[in-house]
Structures are given as C-alpha cells and as structure tokens.
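>>> attaching a predicted model along with its sequence, questions to come.
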Amino acid sequence: MIEVSGLRKRYGQTMALDGMSFTVTPGRVTGFVGPNGAGKSTTMRVILGLDAADGGHALVGGRPYRSLRSPLRHLGALLDAAALHPGRTARHHLLWLAHSQGLGVRRVDEVIELVGLAPVARRRAGGFSLGMRQRLGIAAALLGDPPALMLDEPVNGLDPEGVVWIRGLLRSLAAEGRAVLVSSHLMSELQDTADHLVVVGRGRVVADTGVAELIEAASGGRVRLRTAEPAAAMDALARAGAVVAATGAGTVTVSGLVSERVVAVLGGSGVPFSEVAAHRATLEEAYMELTGDSVEFRAGLRASGSSRSSGSSGSWGDGR
Ligand SMILES: Nc1ncnc2c1ncn2[C@@H]1O[C@H](COP(=O)(O)OP(=O)(O)OP(=O)(O)O)[C@@H](O)[C@H]1O
C-alpha cells in the first residue's frame, strides 16, 4: 500500500503540491492522471524520498521509503527511463542494482526475460531506443519482486506492440495482488488499464474514483443516435422535450428521453435513423464532465498541441 497524505511542495512561486492525498491499494491498477504540471512526477519523487515535501507525508507499506532497508523489495519504480549509465550493458545495469539490494543473478535473468530484453541484454544501454530503455526501467522496477509498483508515463516511447504488452503486464501485476500506480497525461491510455483513477490538477486531487463508476455516472441515461438527417432529428427530439447535441458527423446525443421514446419520436416525424443505442461515455468524456466546473483547470487541459500526443484525442500536453 502506498499512502500519500496532505503533501505540500513549493518551487519558488510554483505550488507543485497543494495538499495531495490518496491511497494506492493492492490488487488494482490505479491511474494517476492529470495535465502536464499537475504534480504527478513531484508526488512520485516525494514518495521515493528523492524530493522532500514541505508538509504532509508519503508512506510505503506504512513506512517512509528512505527508511526501508531493501527498498526495491517494497516498491519498484520507473520515473525516468533515461536515468542509466550509457556505457553499461542492460544486464550489468540490473546486476549492479541487484547487488545493491542483496538480490541474486537469477532474478536479473528472470526480469530480462520478462520484459523481452534477452536478445539485447549484453548490449550497451546507451544505444537503446526509448522503448528499450522503458523496458529496462521496468525490469529494474520488478527486480525486487515488490508488492507495489509505481511507473511514471510508462508507455511513453513504446510502439503499439509495447503498449499492449505493458497494459497486460500492469494488469497481471495487479491481479497478483500488487498495488500498481501508473501516471499518464492521456486519459485514453488508462481506459483499458486502470481500475481506479486519482485525477489531479494544480497539485491536488480532483477526483478519486473507480473507472467503471466514473464512466457509468458520465453515461447517465443518454442515448446516441445515428442518422442521415441530424438537423431534422434534433428538431423533432427537441420538440418532444429532449436536450440534444450533435456529437459527430451524423451522430446526435440525446438526454431526457429513453431509447424507446427516441425511436417513437423519430418514427412519428418520419426522420430516418440507422442506430439508437444507450450512450457509453469514454473515460475522456467522463473526465471532461468531472472537471467541467473547474474552468481554470480545463483551460490548462486544453493547452494542447503536444508532441507527446501521437495524434490521439484527449491530449493535454503542453509540448514539453
Ligand atoms: N525541480 C523543479 N524546479 C522548479 N519547478 C518544478 C520542479 N519540478 C517540478 N516543478 C514544477 O512543479 C509543477 C508540477 O510538476 P510535475 O512535474 O510534478 O507535474 P506532472 O504532473 O508530473 O507533469 P508532467 O505530465 O509534465 O510530467 C510544475 O509547475 C513544474 O513546473
């Protein structure tokens, strides 16, 4: 279990953490999500004792990380995949880490196998692609077979096969009963990975909720309609008392009427349609709904144009 309570941290004029509090419980993947600059990395550094907080505390298994005798056996972390000695081979990097924690060579070879780096284990890490470095960082995090894992933007730099792989890995680590915290500034990255979300903005928690509950709440009785005549459909449905919105080319989202009533109204008005279905919100829509009353926060989210977004929707990058 990782517990963060009332963390505060100021860098000059910037309040990086402003009362950050949440718990990462075993057996599930907790997504740690928010726009660039929300305080995710700072929180993770404080948990690891790499930065000191001005207030509050962070505990791993009930104790400060720095007080643990073999910390890699308690919490494995990947914060910065570039943080390795470029002249060392992947295997030597892990051997050196294992040695510092009293772990054997066999575990090194196991984690190399687990992350798929066996063919390049004897190559210098300096020549690795970002994706290979991410895998090496994950191998290091797994070295001590820890009950808790914490990964900062782990899919960053991975190709599609790597993304699928890491999703599966995180899910299986949680299924083994481990506490898994994974950060992302892209909601869409967490849609198929996280069970629970800690949503942050401006150094504090905006929401701490199950993914299923969040989507359920945001889906809230809406109906999605596909039609070749959206304007006529919207007119007819609005006259029947619905609140309607065009949500794409030929798609309309309807609130205030159940599916059967939508079909009846359209039929009665002679408006053609090809599909009427209960709307299921995406995680990203749920998120926007959640933060809808926090204008400043949303304005921050919309500062897009990110080079990290790789074209997917829901990019909150600021181009750093
Ligand atoms: N060492 C530092 N010196 C000065 N300011 C810092 C430092 N580290 C973080 N900050 C500031 O603290 C705030 C929180 O940054 P942090 O990196 O924790 O956010 P984040 O949510 O991890 O963002 P990202 O998605 O970009 O990694 C930002 O405004 C950032 O500029």
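Great, that's in hand. Not measured: the values here are computed from a predicted model. Numbers count the residues shown, from 1 in each chain.
>>> walk me through the domains of the chain.
Split into domains by automatic domain parsing, the chain comes to 2-216, 221-278.
>>> of all those domains, which one is nearest the ligand?
Between the ligand and the domains of the chain, the shortest separation by C-beta to the nearest ligand atom is 3.2 Å, and it involves domain 2-216. (C-beta placed from N, C-alpha, C; glycine too.)
>>> near the ligand, which residues of the stretch 1-150 of the chain?
11, 14, 16, 34, 36-42 (C-beta under 6 Å from any ligand atom).
>>> just the buried members of those residues?
Applying 16 or more other C-beta atoms under 10 Å to these, the neighbour count classes 16, 34, 36-42 as buried.
>>> mind listing which of those residues are in helices?
40-42 (DSSP state H).
>>> could you export those as CSV, including distance to residue 1 and pLDDT?
Shown next, in CSV, are these (distance: C-beta to C-beta, whole Å; pLDDT from 0 to 100):
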residue, distance to residue 1, pLDDT
40, 19, 93
41, 21, 93
42, 21, 95
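>>> closest one of these to residue 285?
Nearest to residue 285 out of these is residue 40 (C-beta to C-beta; 21.5 Å).
>>> which ones are touching that closest one?
Applying C-beta atoms under 8 Å, 6 or more residues apart in numbering to residue 40 gives the contacts 32-34, 152, 183, 185, 200.
>>> all the strands of the stretch 101-250 of the chain, in order from the start?
In the stretch 101-250 of the chain, the strands defined using DSSP state E, counting those that start in this stretch lie at 148-152, 179-184, 196-201, 204-210, 223-226, 243-248.
>>> pick the most deeply packed of those strands.
Sort the strands of the stretch 101-250 of the chain by mean neighbour count, taking mean count of other C-beta atoms under 10 Å, and strand 179-184 sits at the top with a mean of 26.
>>> coming back round to it: for the domains of the chain, which one ends up most surrounded?
Greatest average neighbour count among the domains of the chain goes to domain 2-216 (a mean of 19), per mean count of other C-beta under 10 Å.
>>> so how far is that one off the chain centroid?
Remark: domain 2-216 is offset 11 Å from the chain centroid, using C-alpha atoms, centre = their mean, to the nearest Å.
>>> any stretches of this protein with poor pLDDT?
Regions of the chain meeting the criterion pLDDT under 70 cover residues 290-320.
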